[in-house]
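Asker: here's a sequence, model it:
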Amino acid sequence: MVQAKQSRKSTAGAHATPASRAVSELGEAARFSSSLVAGLAILDCFSAERPQMGIAALADRLDMTRSTTHRYAATLVALGYLEQDHARQYRLAARVSDLGLALMDSMALRRHAGEPLRKLRVQTGRTVSMAILDGGQIRYIERLRGWRYGQHAVDLHLGLAARQPIHCTAMGKVLLAYLPESRLQALIGELELSRQGPNSITSKRALRAELARVREAGLAVSDEEQAPGLRSIAAPLLDGQGQAVAAIAVAVPVAAFSRSELVARVGPLVEATAERIAALAQAQ
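Answerer: The predicted model follows:
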């Protein structure tokens, strides 16, 4: 049985989160597994605004003791649903996204993206990807590899469910640029702008300026920011409210296109494909 903090029981009703209410209400019912309820409640604590949390924060949010919270968190780490960094902060691990990918297979967005993305790959001969926002990273939900000369060297061995930093990828910058300001501010505040390629943006001021340019252009370019020798161009898939629910990109080796050539020759194809996918998804 979940051990709730005795000192907080009297106030739990007034300040309870959905996760803590689930632990309290379902965990006490005989027909439910309190351990399973608590484990799922821990996973539910993480979001784009809270991509990482320590045991103390999790315990407070769920009105559980730290020892109980630690036991459940350690189990989730062992099962591959959580991971822990060097600072002993927890975050969602790849297996959570793997479960999400099974759901995405039945979603209109991914279902309708197949034919347009295949056409884009044929048009360019280059690797085509689709990704969604996953905390401070992007998560690949589609990846069609190109065949032209030099492509393999810049594909980075990425596949479905792979994650990449959001600040240095073209798709990441597109997804950031179309976030509501309050969410964007919170997310940028938590980002660590690590250098991935020779031109990676490592200043939050510079990132803000770049996102303004992306929003104005409707396209984002990563010019050896994600990795040496790699350029990519991305466009957003917008919903009916103008929010980017996903992004698509074409990746090329720097020897194949200059930055200006990439924008002029591949950019319109990427934009048209994104608009086609969004229209197909919204029509359903």
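
Asker: what ranges do the helices span in the protein?
Answerer: Counting by DSSP state H, the chain has helices at residues 9-15, 18-27, 34-44, 55-62, 66-79, 94-104, 108-124, 170-177, 181-190, 204-217, 259-261, 267-283.

Asker: go through the ones you listed and find the least confident stretch.
Answerer: Note on the helices of the chain: lowest mean pLDDT is at helix 9-15, with a mean of 41.

Asker: I'd like to know how many residues surround the nearest residue to Lys173 once chain neighbours are set aside.
Answerer: Nearest non-adjacent residue to Lys173, counting by C-beta to C-beta, 6 or more residues apart in numbering: Ala220, 4.0 Å away. (C-beta placed from N, C-alpha, C; glycine too.) Ala220 sits with 27 neighbouring residues when counted by other C-beta atoms under 10 Å.

Asker: doesn't Ala234 make contact with Ala220?
Answerer: Yes: counting by C-beta atoms under 8 Å, Ala220 does reach Ala234; the two are 4.9 Å apart.

Asker: looking at the helices of the chain, which is nearest to Gly229?
Answerer: Checking the helices of the chain against Gly229 by C-beta to C-beta gives helix 259-261 as the closest, at 13.4 Å.

Asker: list the helices and strands that closest one packs on?
Answerer: Applying 3 or more C-beta pairs under 8 Å, 6 or more residues apart in numbering; DSSP states H and E, one finds that helix 259-261 contacts no other helix or strand.

Asker: got a list of contacts for that helix?
Answerer: 221, 223, 231 (C-beta atoms under 8 Å, 6 or more residues apart in numbering).

Asker: ok, now which ones touch the first one?
Answerer: If I follow you right, that is Val221. 170, 231-234, 259, 262-263.

Asker: outline the domain layout of the protein.
Answerer: For the chain, the structural domains run 6-92, 98-283, going by automatic domain parsing.

Asker: I'd like the helices of the chain written out as CSV, with mean neighbour count and distance to Leu133 added.
Answerer: What follows is these, written out as CSV (neighbours: other C-beta atoms under 10 Å; distance: least, C-beta to C-beta, whole Å):
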stretch, mean neighbour count, distance to Leu133
helix 9-15, 10, 29
helix 18-27, 18, 21
helix 34-44, 19, 17
helix 55-62, 19, 22
helix 66-79, 16, 22
helix 94-104, 14, 12
helix 108-124, 18, 13
helix 170-177, 28, 5
helix 181-190, 13, 9
helix 204-217, 14, 13
helix 259-261, 12, 25
helix 267-283, 18, 15
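
Asker: okay, the ones you listed in TSV with distance to Leu158 next?
Answerer: TSV is the format used below for these (distance: least, C-beta to C-beta, whole Å):
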stretch	distance to Leu158
helix 9-15	42
helix 18-27	32
helix 34-44	25
helix 55-62	30
helix 66-79	24
helix 94-104	13
helix 108-124	15
helix 170-177	11
helix 181-190	22
helix 204-217	21
helix 259-261	22
helix 267-283	18
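
Asker: out of those helices, which gets nearest to Val252?
Answerer: Short answer: helix 108-124, nearest of the helices of the chain by C-beta to C-beta, at 7.8 Å.

Asker: enumerate residues external to the closest one that contact any of its residues.
Answerer: 104-105, 127-128, 130, 141-142, 144, 146, 148, 237, 245-246, 248, 250, 252, 266, 269-270, 273, 276-277, 280-281, 284.

Asker: what of stretch 155-168?
Answerer: If you take C-beta under 8 Å, 6+ apart as the criterion, stretch 155-168 is touched by 94, 97-98, 101, 127, 129, 131, 133-134, 136-143, 145-146, 172-173, 175-176, 191, 193-194, 196-197, 200-201, 207, 222, 225-227, 230, 251.
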